[in-house]
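1. My questions concern the predicted model and sequence given below.
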Amino acid sequence: MIGICISRLVNLRPCTNSSIQTMFQSAVEDGQKLVAFYSGVTCVYFPIIMSVLYFTDYLYSIGKYSFFPVIGVILVMECGKYMIGTCYLVKRNITGGGRYDERYIIGSSKKNNTKNRMREGMKSSLLIVIMIAVYFTIAVLFGAQVFSKHEETFMLSVLLCVLTVFPGCVHMGANFVINLIFGQKPSNDILGTLILRNIQLTLFGAWLGAFVIPLDWDRAWQEWPIPCASGAMLGFTAANLLMVINVVPKLTKRNNPKSGRKQW
């Protein structure tokens, strides 16, 4: 009996290793699908928002409190992306084969789910408030006027926080964003790479947009903080577009039957 059991275990071992490798490859592919969905949706709705801003007089409300409805649309779209992505991609695959890492669903597999979500929401809200203050302080240190332009600087800080911190908190959690802020790069995590690129290109776009403010062109769109906000939104869109360009060919190659044939 002992010899039979050992022989069965030996025979099952190669199959088990093969199945683990298959599940790992499937998880990588599904992670790419999730990122392709997130970035693809952003590449559709964000250019629409910018087109509405640039072809209407609403562009000049970027630095005013009347810009909050646009920020609200961005918040709703980011939350909608997370809900659709986790419901139709992540949870479906967890039910079918358990391939996804639980980090893609914040607090889904933990006990006391409601308490964990409340704790995560409070932590994310506190982080967002802190980062708004940090962005405001950095803008002042770079030359923004504290008293005469405080409304404009505050709205720019809110916009930057919505484009950089909020998506990371929604999709990966506050702890992940804190680690990114302190310089810890995501390893072998394509969704973390997307969030990191969003932060980098959004801030780079805001910094690059500041170069046109001191130029003596006397254009209305040169007023603070319109160029910086425009650059931030363009950088955010560019980051998602780059991820689509990077991920979609890989998915196409994986799903192409001819690419999977061995060349002898």
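-> All right, it came through fine.

2. buried set for the host helix or strand of residue 209?
-> Taking DSSP states H and E as the definition, residue 209 sits inside helix 190-209. By neighbour count on 16 or more other CB atoms under 10 Å, the buried set for helix 190-209 is 190-199, 201-203, 205-206, 208-209. Glycine gets a C-beta too; all of them are placed from N, C-alpha and C.

3. Pull the distance from stretch 34-44 to the chain's centre.
-> 10 Å (CA atoms, centre = their mean, to the nearest Å).

4. Hmm, I typed the wrong one, I wanted stretch 184-204.
-> Taking CA atoms, centre = their mean, one finds stretch 184-204 lying 8 Å from the centre of the chain it belongs to.

5. Locate residue 36 within the secondary structure: which element?
-> In this assignment (DSSP H and E), residue 36 forms part of helix 2-54.

6. model confidence over that helix, on average?
-> Regarding helix 2-54, the rounded mean pLDDT is 66.

7. Please identify the buried residues of the helix or strand following it?
-> For helix 2-54, the following helix or strand on the C-terminal side (DSSP H and E) is helix 68-85. Buried positions in helix 68-85, judged by neighbour count with 16+ other CB under 10 Å: 70, 71, 74, 77, 78, 81, 82, 85.

8. How about residues contacting helix 68-85?
-> 34, 37-38, 41-42, 45, 49, 53, 58, 158-159, 162-163, 166-167, 170-171 (CB atoms under 8 Å, 6 or more residues apart in numbering).

9. Spatially central, which residue of this structure would that be?
-> In the chain, the residue lying closest to the centroid (CA atoms, centre = their mean) is residue 195, at 3.8 Å.

10. Skipping its backbone neighbours, what lies nearest that one in space?
-> Excluding the flanking residues, the one nearest residue 195 by CB to CB, 6 or more residues apart in numbering is residue 168, at 4.5 Å.

11. quick one, what contacts that neighbour?
-> Contacts of residue 168 by CB under 8 Å, 6+ apart are 176, 177, 180, 195, 198, 199.

12. so which helix or strand takes in the third one?
-> Remark: residue 180 resides in helix 174-181, with elements defined by DSSP H and E.

13. Buried ones in that helix, by neighbour count?
-> Across helix 174-181, burial judged by 16+ other CB under 10 Å covers 174, 176, 177, 178, 179, 180, 181.
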